[in-house]
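[1] give me a model of this one.
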Amino acid sequence: MKPKPPAAAPAPPTWARRQAARLGRPPGGWRLTLYTIIFEADTRAGALFDKWLIALILLSVTVVMADSVASISARWGELFDVLEWGFTALFTLEYLARIACVRHPWRYMRSFWGVIDLLSVLPTYLAMAFPGIHLLVDVRVLRLLRIFRVFKLTAYVSEYHMLGRALAASRRKIMIFLSVVVLVVLIIGTLMYVVEGPANGFTSIPTAVYWAITTMTTVGFGDITPHTDFGRFISSVMMLMGWGTLAVPTGIVTTEMALSGRQPAVTTRTCHACLTEGHLPEARYCMHCGAELPAYAPDEPAADDGAH
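    Have a look, this model is predicted:
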């Protein structure tokens, strides 16, 4: 019996891996073919589907934005209505196809992407009863996040997860830093309330704290300004402190990102035995159950599973 080689190092938890376990990859037939095209971008058919989907999303959002311009809407309004209903029909069919090809459709409908897909078509239908709500179809722009899968920017996806891990690892340091900032603005705000007083616009301590926050963050709306010399001196100190405070969280997160290192790129290839997704491109066996994986061929058309 051929000994089983050691399994590849487990890839970090990704949205794609959690999706496979949560939604359920069909075992075969037309549903598996449809699932591969819609949810997996490592095949030519899947990548082409997602590219066309992104193009339609961009066009639909462009139509909505153009329709909000009065001069353009007066001339092309009827065409925009026809296009909007066409986009809605296509996105509705896509939403139904996603539900039909997964083994747990209710889980997909409750997932983040399922809610986004539903919200991208609901406004057009609700506009028949509530005019004006169709402008909310700009939620479709959130679906452009699929571009990370479509163009195989696995390096960017890895960086995204690395940023998330860095933020999680540095959350205690950031919270301590923010607590110090809160203490500083409370003290400076109270001091400015005493120095300037209600006569110069600092009518209360909360108002003075609001001024301290806008000054430290270098926003400076200008609605409240100090009039005394000592108040201007405190303002100058706050502005200089603001430059330093902006750099501290960035340095903390950057250090954690450098320490976390780069994770290996993963794919959307799925184990047919346990439905685990997110294997390394060079992996030959499933990292969970040890079953042999199909050959990784991202540039080849999807296999004709319906013929199996």
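
[2] break this structure into its domains for me.
    By the assignment in automatic domain parsing, the chain contains the domains 15-151, 165-260.

[3] quick one: the helices in the stretch 1-150 of the chain?
    Assigned by DSSP state H, counting those that start in this stretch, the stretch 1-150 of the chain shows helices spanning 15-23, 29-39, 44-67, 70-101, 105-110, 112-119, 122-126, 147-150.

[4] so which of those is nearest Met241?
    Among the helices of the stretch 1-150 of the chain, helix 147-150 comes nearest to Met241, with 37.8 Å by C-beta to C-beta. C-betas here are computed from N, CA, C, even on glycine.

[5] ok so, going back, now the domains of the chain as TSV including distance to Leu293, mean pLDDT and mean neighbour count?
    Formatted as TSV, the domains of the chain follow (distance: least, C-beta to C-beta, whole Å; pLDDT from 0 to 100; neighbours: other C-beta atoms under 10 Å):
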stretch	distance to Leu293	mean pLDDT	mean neighbour count
domain 15-151	12	76	16
domain 165-260	26	87	15
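
[6] Glu282 is nearest to which of these?
    Among the domains of the chain, if distance is taken as C-beta to C-beta, the winner is domain 15-151, at 13.7 Å.

[7] a strand runs through Thr214, doesn't it?
    No: Thr214: not assigned to a strand; according to DSSP: H, G, I helix; E, B strand; the rest coil it is helix.

[8] re earlier: out of the domains of the chain, the one nearest Cys271 is which?
    Judging the domains of the chain by C-beta to C-beta, what sits closest to Cys271 is domain 15-151, at 8.6 Å.

[9] so who does Ala66 touch?
    By C-beta atoms under 8 Å, 6 or more residues apart in numbering, the residues touching Ala66 are Ile72, Ser73, Trp76, Phe80.

[10] swap in Leu83?
    Going by C-beta under 8 Å, 6+ apart, the list of residues near Leu83 reads Leu59, Ser60, Val63.

[11] repeat for Leu56
    Phe87, Leu90, Phe91.

[12] could you check how far the second one is from Ala97?
    Which is Leu90. 11 Å (C-beta to C-beta, to the nearest Å).

[13] before we move on, could you check phi and psi at Thr203?
    Phi and psi for Thr203, reported as degrees, to the nearest 10, are phi -80, psi -20.

[14] and the gap between it and Ala212?
    Counting by C-beta to C-beta, the gap from Thr203 to Ala212 is 14 Å.

[15] ditto for Asp229
    Asp229 sits 18 Å away from Ala212, going by C-beta to C-beta.

[16] what of His279?
    For His279, the distance to Ala212 (C-beta to C-beta) stands at 52 Å.

[17] for Met239, same thing?
    Distance of Met239 to Ala212, given as C-beta to C-beta: 11 Å.

[18] and Thr33, by the same measure?
    For Thr33, the distance to Ala212 (C-beta to C-beta) stands at 61 Å.

[19] repeat for Ser179
    From Ser179 to Ala212 the distance is 15 Å (C-beta to C-beta).

[20] next one: Arg103
    Distance, Arg103 to Ala212, using C-beta to C-beta: 56 Å.

[21] then Asn200?
    Counting by C-beta to C-beta, the separation of Asn200 from Ala212 is 14 Å.

[22] give the contact list for Gly86.
    Residues near Gly86 by C-beta under 8 Å, 6+ apart: none.

[23] follow-up on the earlier one: can you redo the domains of the chain as CSV with distance to Gly290?
    CSV is the format used below for those (distance: least, C-beta to C-beta, whole Å):
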stretch, distance to Gly290
domain 15-151, 17
domain 165-260, 27
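
[24] those domains: which one's closest to Cys286?
    With C-beta to C-beta as the criterion, Cys286 lies closest to domain 15-151 of the domains of the chain, at 11.6 Å.

[25] helix/strand/coil for Ala283?
    coil.

[26] phi and psi next, for it.
    Per degrees, to the nearest 10, the backbone of Ala283 is at phi -70, psi 140.

[27] burial of it, as a residue count?
    19 (other C-beta atoms under 10 Å).

[28] thought it was touching Leu293?
    Yes: counting by C-beta atoms under 8 Å, Ala283 touches Leu293, with 6.1 Å between them.

[29] next, His288: secondary structure please.
    What three-state DSSP gives for His288 is coil.

[30] residue contacts, Gly242?
    Gly242 sits in contact with Thr215, Met216, Thr217, Thr218, where contact means C-beta under 8 Å, 6+ apart.

[31] again, but for Tyr95
    Counted by C-beta under 8 Å, 6+ apart, Tyr95 has contacts Asp117, Leu118, Val121.

[32] if I look at the first one, how far off is Gly77?
    Meaning Asp117. Going from Asp117 to Gly77 by C-beta to C-beta gives 27 Å.

[33] contacts only, for Thr214.
    The neighbours of Thr214, taking C-beta under 8 Å, 6+ apart as the test, are Gly220, Phe221.
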